[in-house]
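Peer 1: here is my input; please provide its structure:
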Amino acid sequence: MARQMKFPRRAILSGTALLALSAVFPWTALAQVAQATGKTTNAAKPKLVVLIVVDQMRGDYVDKFQAQWSGGLKRLVQEGAWFRDAAYPYAATETCVGHATISTGAFPAMHGMVANAWWDRAAQKMVTCTADPDPNAKNIGYAGTTPKGADTAWRMAVPSFAEELKFQTSGATRIVTFSLKARAAITMAGHKADAATWFDGGAWVTSSAYGVQPFMEEQAKSHPAKADFGKTWSLSLPADAYLYGERALGAVPPDGWDLTLPHPLRGKTGGEPDGSFYEQWASSPYADTALTALAENAVDELNLGKAAGTDFLAVSYSSVDYVGHEFGPRSREIQDILVRLDKDLGELFVHLDKKVGPGNYVVALTGDHGVVPVPEDMQKTGADAGVLHLPEVQERIEKALESFNYARPAVMRIAGSDIYFAPGVYEKLKSDANAMSAVLDAIRTASGVEGVYRAEELRDRPATQSPSLRAFANSYFPGRSGDLFILPKPYWLMDGTPIGKQRSYGTGHGVPYNYDQHVPILLMGFGIQPGQYFQSVTPADIAPTFAALCGITLAPRDGHVLAEALTQPAQARAPFPPTRTKPAAASAPNTKP
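Peer 2: So this is what the prediction gives:
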């Protein structure tokens, strides 16, 4: 596969063009003019930009659980700007996609990260969004570990905000990211960073694209994950404080765990740390605490927020996602892990106050996607809910094509909503109306299917009144996306488990319904006007908002500046109220089905 870096050429705006921006953001435009002309101004910028992504953080969790928070999540709600109607306007609501969208300000149709993994037509195999085929790229483990693979951001087709910040400020920015997942740490950082770290098989890992950091080596040696072996995750609140029963219906916990709290971290056998222990650890609050400690250590050791430029720190907390997949959104585990994350974030913000100064940094918190309720749990309400078995859909397609003399396998892979045909099959189908009709009918009549779309309907993001068609179009990237796309019925979980086997998880995400699209956006700190805001926005608006505060511009983007939440100098301040009840112009079409 050829390496193709699809970066748009970075052009420096003229002073005239920059001055034109002053009608909206006078302080930002002046800062950009100073950058372009070399003249200094008194325009202030944050010393540190902090991005926090809570993996699988549904938007309704804030309303449900905030009364029990006392730390960082509570502080964000009370002292920050809370955008209550934030949602992803695309179909591919997955981790890699969401983090790339937050990082770049673009939708997958532009940044190219269309899924956590997709079918590579040239290589005829599945590839992860961060897998790098360059033989010179490799992953590097801390504390003497030797991880496999090579992960970089080379498939991300546009630069991240952090990259642009570093590029446009002559390299003064330090970029530091952490997560349990490579696809989160890497997409938040972009193609180059000072430190991008994730967790893999019991070890903290980075890539040759980013290099190693001495403080990470010391942290990995002195505070390894296995130090939490033998601990127990117990309820942190009285039992009557939880909204749901002690046993989540339809839950599928990790090996070695029961269906109810407390959950011991002792692996499969209880003897010593094994693979099951590390899965338990990743699904526990102790992993969130470890990520918080890494972030605080990075601030201390790299003196983030104290250099001449604006630094960038990002943390993606992955454990909520693992817990949500296992126990579902209506579980004590979700409620409890957010209570504990609230405390970790409270400690992180206190640390930033002390080291950087409370007025010197800006924070954005959001989620990369939501989650559908566990089907078995949803069914007991009387709703039409169930499991859409993708292997059965694939078999229906194969049988439909038998009478048209198409060789098996006609379908190479169904990955999420995307159906990938064998080489040449889809091109033949497009000129074979009867066979195409048979395939579409076979899909539409499968249990749990709401509709199906063709790739040619999605190209170039056509104008449409259909929310679901628009969502799939915003996700479509030629060459990587499928040939056909399945839209499940609401509350139907798409499942790729082989026929005859039990699924290994409780629930999932990845469709254009509000339970997967709706996430919170919370901003706090430098340049932010506190309040609650009700206009329709998307997480792609975070990067442009950061860019406005830092006086830089971005590559082609889909997001917009969240102007109402930005404070302005007294002489230029517009009379924006802290709370809006009338929607402002939406930053993207509303895609709620």
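
Peer 1: which other helices and strands contact the helix ranked longest in the chain?
Peer 2: Of all segments of type helix in the chain, defined using DSSP state H, the longest is helix 332-355. Contacts defined by 3 or more CB pairs under 8 Å, 6 or more residues apart in numbering; DSSP states H and E place helix 332-355 against strand 48-54, helix 60-65, helix 72-79, helix 285-302, helix 319-327, strand 361-366. From N, CA and C alone the C-beta is placed, and that goes for glycine too.

Peer 1: out of those, which comes closest to residue 160?
Peer 2: Among the helices and strands packed on helix 332-355, strand 48-54 comes nearest to residue 160, with 9.9 Å by CB to CB.

Peer 1: for residue 66, give its distance to residue 324.
Peer 2: Here residue 66 is placed at a distance of 18 Å from residue 324 (CB to CB, to the nearest Å).

Peer 1: now residue 227
Peer 2: 26 Å.

Peer 1: then residue 352?
Peer 2: On the measure of CB to CB, residue 352 and residue 324 end up 27 Å apart.

Peer 1: by mean pLDDT, which helix or strand of the chain comes out lowest?
Peer 2: helix 15-20 (a mean of 34; mean pLDDT, DSSP states H and E).

Peer 1: give the contact list for residue 59.
Peer 2: Counting by CB atoms under 8 Å, 6 or more residues apart in numbering, residue 59 touches 84, 86, 87, 367, 370, 518, 519, 520.

Peer 1: now the longest helix of the chain, how far from the chain's geometric center?
Peer 2: 19 Å (CA atoms, centre = their mean, to the nearest Å).

Peer 1: what does stretch 522-537 give?
Peer 2: 20 Å.

Peer 1: check stretch 48-62 too.
Peer 2: For stretch 48-62, the distance to the chain centre is 9 Å (CA atoms, centre = their mean).

Peer 1: could you do stretch 439-448 as well?
Peer 2: 30 Å.

Peer 1: picking up where we left off before, so for residue 352 and residue 324, which sits in the more crowded spot?
Peer 2: residue 324 (30 against 23; other CB atoms under 10 Å).

Peer 1: give the contact list for the more buried one.
Peer 2: 56, 334, 371, 507.

Peer 1: how about the contacts made by the last one?
Peer 2: Going back to what we said before, that points to residue 507. 250, 324, 325, 328, 329, 371, 372, 373, 374, 375, 493.

Peer 1: which ones among those are found in helices?
Peer 2: Checked against DSSP H, the contacts of residue 507 include these in helices: 324, 325, 375.

Peer 1: now the last one: how far from residue 555?
Peer 2: Between residue 375 and residue 555 the distance is 40 Å, computed by CB to CB.

Peer 1: same drill for the two, tell me which one is more crowded.
Peer 2: Taking other CB under 10 Å, residue 375 and residue 555 do not tie; residue 375 has more neighbours (24 against 21).

Peer 1: next one: the more buried one from residue 492, what distance?
Peer 2: Taken as CB to CB, the span from residue 375 to residue 492 is 7 Å.

Peer 1: list residues touching both of these two?
Peer 2: If you check residue 375 and residue 492 against CB under 8 Å, 6+ apart, the residues they both contact are 385, 386, 387.
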